[in-house]
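> My questions concern the predicted model and sequence given below.
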Amino acid sequence: MQIRFIMILSLLLLGGPVLAANNNGAEQPGNPGEQHSRSSWSDTVQDVLLNALSLTGIQYRYGGSSPETGFDCSGFVRYVFQQAANMSLPHNARAISQVGEVVSREHLQPGDLVFFNTMRSAFSHVGIYLGNNRFIHAPSSGGGVHVVNMNERYWAQRFDGARRIDTPPAQQQTRAR
């Protein structure tokens, strides 16, 4: 429990300024509706990250898709995005890798999905990028949901790519109300 509190506090202290950068109230050029949508998505990303971190320690379970049953990697990502962003993602890492737009490692932002080849198969593992080369995931070994550094040799050698998921326009309208 104390570890979860420390993780959430760390995210707020380290990630808060990054997340708030797009939502600082300053006038920015562009379509006002577009600005409102960006603010809404920034809020959604913060919800995604907080929801993900709140699940730290939940045990791994193959095919698992809830805190009660445990999570596998795609079940974890699917659950977090469903709860925090009301988005339905597939329950399969490879299928999730087809959603959203491709993002290079150099341009990763908190909330992006990161993919790895952990089973001698491309896009066989997925996690949620937190910032500062760290991501949260549900690994099949090593206990439950936890945060790791993408620069660790194991993960660096297996990085397959990343995707950025945006909310659909209809959902942006709903969140704006």
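Yep, that arrived.
> Could you verify my assumption that residue 131 touches residue 112?
No. Checked against Cβ atoms under 8 Å, the pair residue 131 and residue 112 is beyond contact range at 9.6 Å. Every residue, glycine included, has its C-beta placed from N, CA and C.
> Neighbour count: these two, which is higher?
residue 112 (22 against 17; other Cβ atoms under 10 Å).
> so what's the spatially closest residue to the more buried one that is not a sequence neighbour up against?
Once flanking residues are discounted, residue 112 sits nearest to residue 129: 4.4 Å by Cβ to Cβ, 6 or more residues apart in numbering. Going by Cβ atoms under 8 Å, 6 or more residues apart in numbering, residue 129 touches 108, 109, 110, 111, 112, 113, 114, 135, 162.
> The fourth one in helix, strand or coil?
Yep, that's residue 111 we're talking about. Counting by DSSP: H, G, I helix; E, B strand; the rest coil, the backbone at residue 111 sits in coil.
> What's opposite the residue most central in space within the chain in the beta bridge?
Nearest to the mean C-alpha position of the chain, by Cα atoms, centre = their mean, lies residue 128 at 3.0 Å. Taking DSSP bridges, one finds residue 113, residue 136 as the beta-bridge partners of residue 128.
> that older thread, and the contacts of residue 129, which of them are buried?
108, 110, 111, 112, 113, 114, 135, 162 (16 or more other Cβ atoms under 10 Å).
> Adding distance to residue 70 and pLDDT, write these out as JSON lines.
Formatted as JSON lines, the buried ones among the contacts of residue 129 follow (distance: Cβ to Cβ, whole Å; pLDDT from 0 to 100):
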{"residue": "108", "distance to residue 70": "27", "pLDDT": "98"}
{"residue": "110", "distance to residue 70": "25", "pLDDT": "98"}
{"residue": "111", "distance to residue 70": "23", "pLDDT": "98"}
{"residue": "112", "distance to residue 70": "24", "pLDDT": "98"}
{"residue": "113", "distance to residue 70": "20", "pLDDT": "99"}
{"residue": "114", "distance to residue 70": "21", "pLDDT": "99"}
{"residue": "135", "distance to residue 70": "19", "pLDDT": "99"}
{"residue": "162", "distance to residue 70": "25", "pLDDT": "98"}
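> about what we covered before: give me the pLDDT value at the residue nearest to the centre of the chain.
Per-residue confidence (pLDDT) for residue 128: 99.
> so it sits right up against residue 50, yeah?
No. Between residue 128 and residue 50 there is no contact under Cβ under 8 Å: 11.2 Å.
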